[in-house]
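Asks: Structure here, sequence nowhere to be found:
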């Protein structure tokens with residue numbers, strides 16, 4: 001069984017919207033208050049405060065006269081918010097994430113309801129303290145006989161309401177395919193395949209850049225705290241939502257196609273965050289959503305019984321000749337085609353890189369070979385000696 005989330009738009013009644021906004025506000029308040037206390041306890045007393053302590057604090061907060069409104073909403077989203085904070089700190093101390101940030105109201109909000117805080121009846125979702133079911137736009141049906149284990153309600157910065165239903169489903173693996181493909185992520189084209197195909201980057205941000213610039217200029221002229229500024233902020237958020245939707249739609253269709261057609265997929269294990277530090281390429285890289293593309297390939301390959309191989313980021317896929325294996329010293333980004341000085345073969349930079357990635361990925365998956373350049377070889381020693389002389 002695999003956990004899978006089904007996300008839908010829904011349109012709350014005025015009563016439901018009021019309750020959900022208050023629930024998200026209380027969840028945000030509890031999260032921020034607990035984060036502030038945990039931060040203060042560490043810096044002042046060098047003491048770590050865990051989930052158990054913050055949960056006990058929440059009980060005391062509800063007894064305060066100024067925080068009695070916390071009892072007017074379901075207690076489950078408040079406790080879930082404290083659990084999410086504990087997860088954030090766990091990831092921080094493990095080096096997987098940065099220090100947790102305070103939640104802001106204009107970023108929207110979310111509230112998570114476990115099975116004790118909602119009812120699933122006749123294909124409808126009834127949240128705690130709500131009499132009527134959520135008016136969900138069922139764009140696709142849930143598998144029959146499946147009951148959600150968790151319901152998460154989200155409000156986007158653009159003012160759109162969505163609900164995610166987490167269910168346990170049995171996903172059937174796809175029939176085995178004889179195809180194998182290597183993928184080279186790029187700037188001029190989003191990806192180049194070892195089959196010789198290049199897929200262009202739709203550049204969702206570039207398509208909406210002028211519209212976004214106009215909306216942001218209008219926002220900057222509005223007085224802070226005014227109703228007109230609130231309306232202008234919504235317009236900016238809606239443009240960002242259009243950009244995000246276009247990216248997600250394209251990448252989902254592309255990754256689904258790659259997973260369906262190929263049994264083995266090889267990609268480079270790129271450090272996208274480090275690449276984003278190059279200000280000349282940051283916009284193009286972020287517009288291509290490299291990290292999201294690889295993330296979707298990972299879980300879809302896991303779902304459907306495919307093999308995803310990540311090769312070392314230091315593997316010289318572009319500089320290596322796919323015919324004789326010769327590695328050139330330098331290959332600037334502006335050179336899109338090059339001739340091998342050893343065998344004379346002509347290479348398209350991206351297609352050659354994709355073929356080398358596939359070959360390295362097959363070697364890793366079959367025999368566990370290391371694709372990082374060996375520092376003990378004579379070639380590696382010669383390069384290091386050259387660098388030291390410089």
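Replies: All right, it came through fine. Here the structure is a predicted model, which means the values were calculated and not measured.
Asks: and residue 109, what are its phi and psi?
Replies: Recorded main-chain torsions at residue 109 are phi 170, psi 170, according to degrees, to the nearest 10.
Asks: can you pull up the bridge partners for it?
Replies: Per DSSP bridges, the residues bridged to residue 109 are residue 155.
Asks: again, but for the one 5 residues further on
Replies: When assigned by DSSP bridges, residue 114 has beta-bridge partners residue 150.
Asks: got a list of what it touches?
Replies: Residue 114 makes contacts with 76, 80, 149-150, as judged by CB atoms under 8 Å, 6 or more residues apart in numbering. Quick note: C-beta positions are derived from backbone N, CA and C, even for glycine.
Asks: 10 Å - rerun?
Replies: By CB atoms under 10 Å, 6 or more residues apart in numbering, the residues touching residue 114 are 74, 76-77, 79-80, 83, 148-151, 166.
Asks: Give me the buried subset of the residues you listed.
Replies: 74, 76-77, 79-80, 148, 150-151 (16 or more other CB atoms under 10 Å).
Asks: which stretches of the chain have low pLDDT?
Replies: 365-390 (pLDDT under 70).
Asks: now the strands for it?
Replies: Remark: strands assigned in the chain by DSSP state E are 2-10, 109-114, 118-121, 124-127, 136-137, 150-155, 161-169, 180-185, 189-193, 198-200, 264-268, 307-311, 337-339, 346-348.
Asks: mind listing what the third one pairs with, with the direction of each?
Replies: What it means is strand 118-121. Short version: by DSSP bridges, strand 118-121 pairs with strand 124-127 (antiparallel).
Asks: Show me which parts of the partner strand are buried, residue by residue.
Replies: Buried residues in strand 124-127 (16+ other CB under 10 Å): 125-127.
Asks: Also stretch 290-310?
Replies: 290-291, 293-294, 296-297, 300-301, 303, 306, 308-310.
Asks: Max pairwise distance over those residues: which two?
Replies: Put simply, by CB to CB the two of the buried residues of stretch 290-310 set farthest apart are 290 and 303, 20.9 Å from each other.
Asks: follow-up on the earlier one: as TSV, the strands of the chain with distance to residue 48 would be great.
Replies: Output for these, formatted as TSV (distance: least, CB to CB, whole Å):
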stretch	distance to residue 48
strand 2-10	30
strand 109-114	24
strand 118-121	33
strand 124-127	34
strand 136-137	41
strand 150-155	28
strand 161-169	30
strand 180-185	40
strand 189-193	44
strand 198-200	48
strand 264-268	38
strand 307-311	34
strand 337-339	55
strand 346-348	54
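Asks: Quick check: which of those is nearest to residue 236?
Replies: Across the strands of the chain (criterion: CB to CB), the nearest stretch is strand 150-155, sitting at 16.1 Å.
Asks: Which elements pack onto that closest one?
Replies: Based on contacts counted as 3 or more CB pairs under 10 Å, 6 or more residues apart in numbering; DSSP states H and E, the elements that strand 150-155 packs against are strand 2-10, helix 14-45, helix 75-93, strand 109-114, strand 118-121, strand 124-127, strand 161-169.
Asks: Give me the angle between it and helix 14-45.
Replies: Note on geometry: by axes from the mean of the first three to the mean of the last three CA atoms, to 10 degrees, strand 150-155 and helix 14-45 are set 100 degrees apart in direction.
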